[in-house]
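>>> Sharing a model that was predicted from the sequence below.
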Amino acid sequence: MVADAGGGGLVEQSKDITTVKHANNRVRYADKTMKKSNRSCKKIRREVVFPRIPEVLQELFVSCREIFKGGHGTVPPASDVNMLRNILDTMEPEDVGLSKNLHFFKAAGAVKGIPRVTYTTIYQCDEFSLCIFFLPETAVIPLHNHPGMTVFSKLLLGTMHIKSYDWIDPKDSTTSSRMRLARLKANSVYTAPCNTSVLYPTTGGNIHEFTAITPCAVLDVLGPPYSKQDDRDCSYYKDLPYSDCGDGERRRVSEGFGWLEEIEVPENAKMDRIEYLGPQIIQNM
């Protein structure tokens with residue numbers, strides 16, 4: 001999943017950026033007075049202490065910049081995938097300034113009873129993006145794909161149900177019915193802290209759906225991001241609980257297969273964007 005700054009992709013951006021109070025956006029002051037023997041006083045200037053950049057966040061950025069520098073169509077080798085996954089596995093909510101008490105977990109923007117998902121972008125360029133998605137309880141990021149992308153998802157907070165599929169035949173995209181057979185890759189509940197999941201352009205659960213059982217925060221790394229201009233637009237799907245396979249055998253999704261039907265952008269795919277106020281990465285290193 002991803003926030004697309006280029007007009008295509010998974011989310012609809014709001015025109016106004018909502019400013020929220022961030023856990024690590026506190027400014028502390030030291031205001032001390034020193035007394036001299038001659039009873040004169042010297043006031044020390046106030047010291048403003050801004051949030052430090054967690055080493056792991058900076059390491060993630062630098063590693064992504066190196067790994068995805070090949071541009072569009074570059075799928076990282078296994079060694080690079082393992083390196084990024086290891087970095088993300090060590091990350092904690094505090095590394096991006098998160099707290100369970102932040103009010104974007106509340107479903108204040110719900111439309112017709114549907115809890116609204118919020119997202120923020122830590123960094124984005126043509127080669128990769130770092131985004132965080134905030135899901136109130138029961139909120140859903142509906143079933144969607146990631147064409148031509150390698151995606152790392154790290155659940156930072158909460159408990160989430162994840163369902164994901166891969167196409168049986170990734171090359172078969174010529175179907176008039178807009179319905180294709182897929183293999184179920186995941187259908188489980190995950191609770192933070194847990195291992196980072198990785199999906200590839202055609203495998204690993206490229207089509208997935210997130211449902212928040214409790215308020216959740218997910219850090220996503222996408223290489224490259226969504227882009228309509230580069231043929232990486234986001235499509236949405238509905239999975240059917242039963243399917244007729246080509247050999248006439250009737251199978252349940254729970255047995256590992258399902259038909260996915262492409263649908264229009266669902267109402268719960270729309271998200272609200274907020275400004276990222278956590279520790280800032282250093283780009284010129």
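Structure's in. What do you need? All figures in this text were calculated on a predicted structure; none of them were measured in a lab. Residues are numbered from 1 along each chain as shown.
>>> ok, Lys69 touching Glu127?
Yes: the criterion here is Cβ atoms under 8 Å, and Lys69 meets it with Glu127 at 6.2 Å. Yep, even glycine has a C-beta here, placed from its N, CA and C like the rest.
>>> the more surrounded of the two?
When neighbours are counted by other Cβ atoms under 10 Å, Glu127 comes out ahead of the other of Lys69 and Glu127, with 18 against 11.
>>> what sits against that one?
Contacts for Glu127 (Cβ atoms under 8 Å, 6 or more residues apart in numbering) come out as Cys64, Arg65, Phe68, Lys69, Gly70, Gly71, Gly223, Pro224.
>>> any idea whether it is helix, strand or coil?
coil (DSSP: H, G, I helix; E, B strand; the rest coil).
>>> quick one: low-confidence ranges for the stretch 51-200 of the chain?
51-52, 100-113, 172-177 (pLDDT under 70).
>>> at 90 instead, please
51-54, 70-74, 99-116, 168-181 (pLDDT under 90).
>>> Going by neighbour count, which residues of the longest strand belonging to the chain are buried?
Secondary structure of the chain read by DSSP state E shows that its longest strand is strand 179-191. The neighbour-count check on strand 179-191 (16 or more other Cβ atoms under 10 Å) flags Arg180, Leu181, Ala182, Leu184, Lys185, Ala186, Tyr190 as buried.
>>> Pick the one among those closest to Arg273.
Among these, Tyr190 lies closest to Arg273 (Cβ to Cβ), at 24.9 Å.
>>> is it true that the closest one touches Met160?
Yes: applying Cβ under 8 Å, one finds Tyr190 in contact with Met160, separated by 5.5 Å.
>>> how near is the closest residue in space to Val117 that isn't next to it in sequence to Gly71?
Counting by Cβ to Cβ, 6 or more residues apart in numbering, Val117 lies nearest to Met271, which is 4.6 Å off, once chain neighbours are set aside. Remark: distance between Met271 and Gly71 (Cβ to Cβ, to the nearest Å) = 27 Å.
>>> Between the two, which has more neighbouring residues?
Per other Cβ under 10 Å, whichever of Met271 and Gly71 has more neighbours is Met271, with 23 against 11.
>>> Ramachandran angles for the more buried one?
Main-chain torsions, Met271, degrees, to the nearest 10: phi -130, psi 160.
>>> Partner strands of the helix or strand following the longest strand of the chain, with direction?
Remark: after strand 179-191, the chain's next helix or strand is strand 197-199, criterion DSSP states H and E. For strand 197-199, the paired strands and their directions (DSSP bridges) are strand 150-157 (antiparallel).
>>> how big is the angle separating the strand it pairs with from strand 179-191?
For strand 150-157 against strand 179-191, the angle by axes from the mean of the first three to the mean of the last three Cα atoms, to 10 degrees is 30 degrees.
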